[in-house]
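> only geometry, no sequence info:
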């Protein structure tokens, strides 16, 4: 089996995932299905964004129906993906990093995080961007591809294994700006890996078909994500999938993406209209708006006019003390501290403690005021911390009984945002 290992993400890791998943027979997404937002409603609001994603992945992911249960979650997703992937510019030669290398980094980081949902999507994404089958499966990689895979595994594992040598190895093969865009793809996946694994979203049948022929032999399985399938789609490679790969980008792909781009940009502009373009000013604005001070907003050397701005907007979506939060900012500050301690992240510990101070968060008062709801919320948050998440059926039942659907989505989104920041922190601190 070692010849099929994806740089360390192979049969053994998938068996571990299956063992973890055996604790939960019904995912949170299945339990929340009645609260999911229907496609017609999503299309009416996010039509251009959904069209872009379908061109990039070949499917419209099921994630949107669940994230929109708490609308700031889906806005966060729609801000994160195009900005950290540098879309649509990334698809054109000479803009940013080689797109196949961005795809490879996103895939290996998803396998390292043991998120089988994202592993299928990023396998398709990488293949469509031109990454070769041998590079994706890990059977044969160039030195440049190995450097990306090594860093992706290091940055996505919990605990991490990032070293200065791994960061420098990528820099040996790519320019500083290319290296950063490749890493930002891994950073973006920090959010998606955590959110989709925690919810146990249903993996689309087409995604299973696109990925299984290539990566099922490496030990990949759709696991808990293969539910409510009308055709009982199988993971294993067979005569229909073994020699079938998703189509690579064509001129038609580019034309369709650029056709939808202006409408998507106008929608994004409504979410960003109050956010300063300058990174330092965006940082100051965020602190004034929410009490959260994030110095990492000033550490980007690429996309400085749009990446920090998008991330500041995402943090405002997650930390505004208006009617956007159902959980409460003080409560989220406390959860952030617990997750930061779990990650052993001095940076995130400092950010969480500052946020707690800004909102006068007191653990005893929060516990007393929240009662059973806070107890379940805290236990569910802790179950989201590992990669993969560790949610028992008993806890999932308690969560849907004690918490509103929007509260569960808000909690998943907040921890996913923190996971994203942790990946960026690791890269910046080891450069």
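Here it is on my side, so go on. Please read all numbers here as calculations on a predicted model, not as lab measurements. Residues are numbered from 1 along each chain as shown.
> how far is the longest helix belonging to the chain from where the chain is centred?
Scanning the chain for the helix with the most residues, using DSSP state H, yields helix 405-430. How far helix 405-430 lies from its chain's middle: 8 Å, per Cα atoms, centre = their mean, to the nearest Å.
> for the residue nearest to the spatial centre of the chain, which non-adjacent residue is spatially closest?
Nearest to the geometric centre of the chain sits residue 192, at 1.7 Å (Cα atoms, centre = their mean). Leaving out its chain neighbours, the residue that sits closest to residue 192 by Cβ to Cβ, 6 or more residues apart in numbering is residue 118, at 5.3 Å. Quick note: C-beta positions are derived from backbone N, CA and C, even for glycine.
> what helix or strand is the nearest residue to residue 379 once chain neighbours are set aside on?
Nearest non-adjacent residue to residue 379, counting by Cβ to Cβ, 6+ apart: residue 395, 6.1 Å away. Per DSSP states H and E, residue 395 falls inside helix 393-402.
> and that helix, what does it pack onto?
Helix 393-402 sits against helix 28-31, helix 363-384, with contacts defined as 3 or more Cβ pairs under 8 Å, 6 or more residues apart in numbering; DSSP states H and E.
> quick check: which of these is buried the most?
helix 28-31 (a mean of 22; mean count of other Cβ atoms under 10 Å).
> pLDDT (mean, whole number) over the host helix or strand of residue 136?
Here residue 136 sits within helix 133-137, counting by DSSP H and E. Per-residue pLDDT values over helix 133-137 give a mean of 97.
> can you pull the buried residues of that helix?
Neighbour counts over helix 133-137 (16 or more other Cβ atoms under 10 Å) mark 135-137 as buried.
> give me the contact list for that helix.
With contacts defined as Cβ atoms under 8 Å, 6 or more residues apart in numbering, helix 133-137 is touched by 4, 6, 100, 104, 107, 123, 126-127, 139-142, 145, 214-215, 217-218, 245.
> next: stretch 177-190.
80-81, 84-86, 90, 96-98, 101-103, 105-106, 109-110, 113, 118, 122, 148, 151-152, 155-156, 170-171, 174, 300-303, 307, 416, 419-424, 427.
> same check on stretch 29-46?
50, 60, 62, 64-66, 68-69, 74, 78, 199-202, 227-228, 267, 396-397, 399-400, 405, 408-409.
> among those residues, which are located in strands?
Judged by DSSP state E, strands contain none of the contacts of stretch 29-46.
> where in the protein is pLDDT low?
Regions of the chain meeting the criterion pLDDT under 70 cover residues 1-24, 228-243.
> ok, 80 please
1-25, 93-95, 228-244, 321-323 (pLDDT under 80).
> compute the inter-axis angle for the helix holding residue 395 and helix 363-384.
130 degrees (axes from the mean of the first three to the mean of the last three Cα atoms, to 10 degrees).
> how far does helix 393-402 sit from its chain's centre?
24 Å.
> with stretch 176-183 instead?
That offset, for stretch 176-183, works out to 18 Å (Cα atoms, centre = their mean).
> ditto for stretch 370-380
25 Å.
> show residues contacting it.
Residues contacting stretch 370-380 (Cβ under 8 Å, 6+ apart): 327, 331, 335, 338, 366-367, 391, 395, 398-399, 402-403, 407-408, 411.
> which of those are buried?
Members of the contacts of stretch 370-380 classed as buried by 16+ other Cβ under 10 Å are 327, 331, 335, 338, 366, 391, 395, 398-399, 402-403, 407-408, 411.
> most widely separated two among those residues?
366 and 391 (22.2 Å; Cβ to Cβ).
> ok, now which ones touch residue 53?
Contacts of residue 53 by Cβ under 8 Å, 6+ apart are 60-61, 81.
> any idea which element it lies in?
Short version: residue 53 belongs to helix 39-57, going by DSSP H and E.
> tell me which residues in that helix are buried?
For helix 39-57, by 16+ other Cβ under 10 Å, it's 42, 45-46, 48-53, 55-57.
> what do you get for stretch 318-330?
Buried, per 16+ other Cβ under 10 Å, within stretch 318-330: 318-319, 324-330.
> these: which two are farthest apart?
The most widely separated members of the buried residues of stretch 318-330 are 324 and 330, with 14.7 Å between them, by Cβ to Cβ.
> all helices of the stretch 51-200 of the chain, in order?
For the stretch 51-200 of the chain, helices defined by DSSP state H, counting those that start in this stretch occupy the ranges 63-67, 71-84, 99-112, 116-128, 133-137, 143-156, 164-171, 176-199.
> and the first one, how far out from the chain's middle?
Between the centre of helix 63-67 and the centre of its chain there are 13 Å (Cα atoms, centre = their mean).
> who are the packing partners of that helix?
Partner elements for helix 63-67 (3+ Cβ pairs under 8 Å, 6+ apart): helix 39-57, helix 71-84, helix 176-199, helix 405-430.
> check which residues of it are buried.
Neighbour count says helix 63-67 has 63-67 buried, by 16+ other Cβ under 10 Å.
> can you list contacts of that helix?
29, 32, 36-39, 42, 46, 50, 73-74, 76-77, 192, 195-196, 199, 201, 409, 413.
> just the buried residues from these, in ChimeraX please.
For the buried members of the contacts of helix 63-67, the matching ChimeraX selection, counting by 16+ other Cβ under 10 Å, is:
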select :29,32,36,37,42,46,50,73,74,76,77,192,195,196,199,201,409,413
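> now the closest residue to residue 166 other than its chain neighbours: how far from residue 397?
The shortest distance from residue 166 to any non-neighbouring residue, by Cβ to Cβ, 6+ apart, is to residue 151 (4.7 Å). The gap separating residue 151 from residue 397 is 39 Å, by Cβ to Cβ, to the nearest Å.
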